[in-house]
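1. Just to be clear, the model below is a prediction. Sequence and coordinates:
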Amino acid sequence: MAEARTERVVLAALYAVCVGGPVVLHHGLPLVLAFVVGTGVSTGLWFSMFPPRTRLPWFGLAVPLFAGIDHLIGTPSAIRVAWGACLALGAAVACTMAERWEPRWSEKACSRAFSLALVSLMAGAFAAVTYKFWIFSDGMLSQDTAYFEQGIWGFVTGRNFFQGSSQGWWRYSPPLESHFSMHFSPVLFPLAGLYALWSSYHLLHLVQVVAVLSAAVPVFLVVRRVDPVAAVLFGVAYALNPAVVYQTQLSFHVLSLAAPAVAWAGYFFLRKRLGPFLACLILACCVREDLALLAAAGGVPALLSRRGRRPLAAWVLLPVVVAVVGGGAAVLTTRTFCHSGNEVIQGLFSHLGDSPRAIVANVVRDPVHFLAYAWDACRVRYLVGLLRPGLFGALLQPLSILAVPVLLVNLLARGAGTASLDMYYSVYIPPVLTTAAVATWLRLEAPLSRVARAPVRSTRLAVAALALVATLMGLPSVFGRQQLAGYVPSSSVDDIRAVVAAIPPDAAVAAPRHVVYALARREELYLVNRWAQYVRYDPEYVAVETDFSDSTLNDGTLESYRDYARALGEDPDFVPVVVRPHLVLYRKREGGGAGATVVPLGRGSGAAGGP
C-alpha cells in the first residue's frame, strides 16, 4: 500500500515538473510556481481517487513533456503554462480511464457517433467562417477568396478563369490572362459547376470546410475494424487538430481541396491497394502543381514497406510517372499563357540561387547549409505543431515520406509564411502525418502493452486518448488573441457596408484586402494596400482606409500605401462619394485622366508574394 502511495506522489510530482520545469529553465520560477503547485495537487488528487492499476499513467507524462517543447523553443506565457497544466491533468485522466473504461460499442454505433461529431464540427466551422466574413474581419487573407471567386465567376460567365484582380497581388509581365497562367488546377472545373448552382463565396467556404474536415474519414477507417472506439478518438483528434480547424477559418484556397485526396491516398497505401492509391495521387495533382512533389515521393514508402506489395516495381515507379505527367501538364499549361512560374520560384527561393537550376544545384551541393537554414525556432515550432498531434508517431512510419518534399519546400522558402500552421501551404500535410502516426501506434500497441503491463485494448485506448489531448495542445498557438479578435465585430463594419453598397456591380474597383471579397463578381478588381506601387490599372472607384495603424505590411510598402491614399485625396480626377470614419470611397470624374497620380510607381520597396 505504501509503495502504491509513493508511486502516486511521484507521478503527480513528475506531471507538475513536466509542465513547469522547461519554463523555469527558460524564464525563472515566479511565472509558473502557481501552475506547478496546481498541477501537482490536481493530479495527486486524481490519482488518489483512481489509483493506477498499470503503468499506463506513466505514458501520460508525454503530454506535459510535449507542452514543454513549446516553452523551450518559444516564449512561454501564463496562458500557455495554464493550458499545459490542464492538459497534464487531461493526460492523467485519459490514462486512468483507459484502465477502467472498456466500452463495447458496436462498429455501427461508433460510425454513427463519429459521423455526428464530424457533421457537427463542419456545421460549426462553416457558421464561424460565415460570421467572420459577414463582419468583414481583417484577421484573414480575405483576398484569396476574392481571387478564386473572380476566376470561377469569370469561367461560369465565359471568361476562361480570368484574373483581373491578380495585378493587385503581383507584378506579372505579361499580365495574367487566367488562373492557369500561374497554376495548374483542373479541380476548378467541377468547382465551377457547383458555383453555377450557388454563385456565392459562401459556397467556396462550404466546400473548403467539408474538404478539410472530411479527411478525418480515412483516419477513422484505418482503425475502425481493429477498435471502433479508438477509431472515433483518432478521427475526432484529427478533426480537432488546431491547424486543421484553423484552415476552415481562412479564406478559400484551392490547396484545401487536396486534403481529402491525400488522406485517402494514405488510407489505400496502408491497405496495399495500388489502383485507388494512384487514383488519389492523380486527383491530388489536379489540385495544383505542388502536389506533384508529394506524388513523386510515393514510391519510397512502398519500397521501405515492400511486404505484400505486388508488383513492387509498379508501386515504386508509377507514382513517379504520375508526378512527371502532372508536373509536365502544369509546365505546358502555364507556358501556353507565356508564363514559366519563375516569378514565384524567384520570389520564395531567391536566397538559395539565381534560377531554378541554380537552386537545385546549390541544395544538392551543400545540403547541410540549407538544412541549417530551415532549423530556426519558428520552423522547429512548425514541425512540432505538425508532429505532436500524432504523438510523433509519424516519424516511425514510411508513409510520412509523402510529406517530406512539401515540408522541405515550406521550410526553405523565404520568410516564415510557408512554415506556419495557420497558412494554406500546410493544409494537406496533417492528413498524411496523422494517418502515418495512427498506423505506427497500431503496429506498436503489443510491445507498448507489455511495457505498460496493461491489456492491448487499454493501451490502444490510452494512446488514442493521449493523441486527442496532445492535439489540443496547439490551441494557444493557432488561436491566439489576434486570431480570436477576428470574430469580434469592429467599428468599421457599417462603414464597409456603406462603401460596398455604393459601388455599381459592373464598375472597376480597387479596395483594401478585407473588402475585396464582397466585390469579386466583376471584371476588374484590384488590391490597393499591398504592393500598391506595382499596380497598373485605371479604376472607376477606389476605396482606401483612413487609419493605417493596424497595417503591418512586412514587405516595406506601408509608406507606399500612405502615399497612395494621400495622392488620391489630392487628385482632381477623383471625387469622394462616401466618406466614413474608417473608409473613404472615391469615384473618377467623367472624362478624368488615367489616374497616374493614383498609382505612385516606384515609391517604397519591392516585395515578393502572390496568390
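-> Looks like it arrived, so ask away. As the structure is a prediction and not an experimental result, all values here were calculated from the model.

2. C-alpha from now on. contacts and neighbour counts both.
-> Will do.

3. Skip the chain neighbours and tell me the closest residue to residue 31.
-> residue 78 (6.8 Å; Cα to Cα, 6 or more residues apart in numbering).

4. pLDDT wise, what is the one you found at?
-> pLDDT, residue 78: 75.

5. Counting neighbours, what do you get for it?
-> Close neighbours of residue 78, defined as other Cα atoms under 10 Å, add up to 11.

6. isn't it right up against residue 33?
-> No - using Cα atoms under 8 Å, residue 78 is not in contact with residue 33; the gap is 10.7 Å.

7. what sits against the residue lying closest to residue 241 once chain neighbours are set aside?
-> Nearest residue to residue 241, sequence neighbours excluded (Cα to Cα, 6+ apart): residue 471, at 5.2 Å. With contact taken as Cα atoms under 8 Å, 6 or more residues apart in numbering, residue 471 is in contact with 237, 238, 240, 241, 242, 388, 389, 390.

8. Return the subset of those lying in helices.
-> 237, 238, 242 (DSSP state H).

9. quick one: which of the residues you listed has the most company?
-> Busiest of the ones in helices among the contacts of residue 471 [other Cα under 10 Å] is residue 238, holding 29 neighbours.

10. I'd assumed residue 214 was in contact with it.
-> No - using Cα under 8 Å, residue 238 is not in contact with residue 214, being 9.9 Å away.

11. how much space between the residue nearest to residue 31 and residue 478?
-> Between residue 78 and residue 478 the distance is 16 Å, computed by Cα to Cα, to the nearest Å.

12. before we move on, what about residue 384?
-> Residue 384 is 13 Å from residue 478, by Cα to Cα.

13. swap in residue 308?
-> Residue 308 is 40 Å from residue 478, by Cα to Cα.

14. So which of the two has more stuff around it?
-> Set side by side, residue 308 and residue 478 show more neighbours around residue 478, with 21 against 10, by other Cα under 10 Å.

15. Which residues are in contact with that one?
-> With Cα under 8 Å, 6+ apart, residue 478 has these contacts: 242, 243, 246, 421, 422.

16. one more time with 10 Å
-> 241, 242, 243, 244, 245, 246, 385, 420, 421, 422, 484 (Cα atoms under 10 Å, 6 or more residues apart in numbering).

17. what do you get for residue 578?
-> 495, 498, 499, 500, 502, 503, 543, 584, 585, 586, 587.

18. In its sheet, which strands sit next to the helix or strand harbouring it, and in what direction?
-> If you go by DSSP states H and E, residue 578 is part of strand 574-579. With DSSP bridges as the criterion, the sheet partners recorded for strand 574-579 are strand 583-588 (antiparallel).

19. any idea of the mean pLDDT in the strand it pairs with?
-> So the average pLDDT for strand 583-588 ends up being 90.

20. just stretch 298-314 next, same as before
-> 89.

21. residues making contact with that stretch?
-> 265-266, 269-274, 277-278, 281, 292, 315-323, 397-403.

22. Using PDB, list the CA coordinates for that stretch.
-> Output of stretch 298-314 as PDB, limited to C-alpha atoms (Å, rounded to 0.1, in the frame of the first residue of the first chain):
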ATOM      1  CA  GLY A 298       5.000   7.900 -53.300                       C
ATOM      2  CA  GLY A 299       7.300   5.100 -54.400                       C
ATOM      3  CA  VAL A 300       9.800   5.500 -51.500                       C
ATOM      4  CA  PRO A 301       7.400   4.400 -48.700                       C
ATOM      5  CA  ALA A 302       6.400   1.400 -50.800                       C
ATOM      6  CA  LEU A 303      10.000   0.400 -51.200                       C
ATOM      7  CA  LEU A 304      10.600   0.600 -47.500                       C
ATOM      8  CA  SER A 305       7.400  -1.400 -46.600                       C
ATOM      9  CA  ARG A 306       7.500  -3.800 -49.500                       C
ATOM     10  CA  ARG A 307       5.900  -6.800 -47.800                       C
ATOM     11  CA  GLY A 308       2.700  -7.700 -49.600                       C
ATOM     12  CA  ARG A 309       3.000  -5.000 -52.300                       C
ATOM     13  CA  ARG A 310       2.900  -6.800 -55.700                       C
ATOM     14  CA  PRO A 311       4.100  -5.900 -58.200                       C
ATOM     15  CA  LEU A 312       6.700  -3.900 -56.300                       C
ATOM     16  CA  ALA A 313       8.000  -2.200 -59.400                       C
ATOM     17  CA  ALA A 314       4.600  -0.700 -60.100                       C
END
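
23. Any chance you could list what contacts whichever strand or helix holds residue 409?
-> Using DSSP H and E, residue 409 sits in helix 404-412. Contacting residues not belonging to helix 404-412 are listed as 290-297, 348-349, 351-352, 370-376, 378-380, 382-383, 401, 416-420, 425-426, 428-429 [Cα under 10 Å, 6+ apart].

24. Among the residues you listed, name the buried ones.
-> 290-297, 348-349, 352, 370, 374, 378-380, 382-383, 401, 418-420, 425-426, 428-429 (16 or more other Cα atoms under 10 Å).

25. quick one on the thing from earlier: the contacts of residue 578 into CSV, with extra columns for neighbour count and distance to residue 523?
-> Shown next, in CSV, are the contacts of residue 578 (neighbours: other Cα atoms under 10 Å; distance: Cα to Cα, whole Å):
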residue, neighbour count, distance to residue 523
495, 16, 24
498, 16, 21
499, 21, 19
500, 19, 16
502, 13, 17
503, 21, 14
543, 27, 17
584, 21, 22
585, 25, 19
586, 24, 19
587, 19, 17
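
26. so where's the stretch 451-600 of the chain shaky on pLDDT?
-> 529-537, 548-564, 591-600 (pLDDT under 70).

27. so where do the strands sit in the stretch 401-550 of the chain?
-> 509-511, 525-527, 541-545 (DSSP state E, counting those that start in this stretch).

28. Just say which of those is most tucked in.
-> By mean neighbour count, with neighbours taken as mean count of other Cα atoms under 10 Å, strand 525-527 ranks first of the strands of the stretch 401-550 of the chain at a mean of 28.
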